[in-house]
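# missing the sequence, but the structure's below:
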């Protein structure tokens, strides 16, 4: 876990007061069906989002990815990988983590402010529904300094 992921982890738990599962190992078996990772060799592929976040108000599960990349091409590539596994991740969360149907499963991305607007436009252009929630890393750091560590800004 890098410094950006640690900052997002602190933000989610300290500021947003969310329960999180950091870096879960999500596995898929035949026909991309979700499966448990053990015994070994029973799964055909894996993905590792940075966090699974439990929100009780509103009732939703967020699957989050953190990207500190400054180049638009790198962020777009990561977003596309994330979107390509969206259905499988949602099935995994519902079936293996026993998440009730009233909880929506949403995607959430943490990116640098420089690429935020391009990413929002990109999701609209390709028709991503529901559109993933996007939070900037600058927003995360600002709230950590003023909310979780107020002594840094005290006079």
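Now that the structure is in, tell me what you want to look at. Source: prediction; values computed, not measured. Numbering: from 1, shown residues only.

# what residues are bridge-paired with residue 107?
Using DSSP bridges, the beta-bridge partners of residue 107 come out as residue 63.

# let's verify residue 17: helix, strand, or coil?
Local secondary structure at residue 17 is given as coil here, using DSSP: H, G, I helix; E, B strand; the rest coil.

# where's it relative to residue 23, distance?
From residue 17 across to residue 23, the span is 20 Å (CB to CB, to the nearest Å). (C-beta placed from N, C-alpha, C; glycine too.)

# in terms of neighbours, single out the busier of these two.
Applying other CB atoms under 10 Å to residue 17 and residue 23 shows that residue 23 carries more neighbours, namely 13 against 10.

# how many residues are close by the closest residue to that one other than its chain neighbours?
Closest residue in space to residue 23, ignoring its immediate chain neighbours: residue 48 at 5.7 Å, by CB to CB, 6 or more residues apart in numbering. Neighbourhood size, residue 48 [other CB under 10 Å]: 10.
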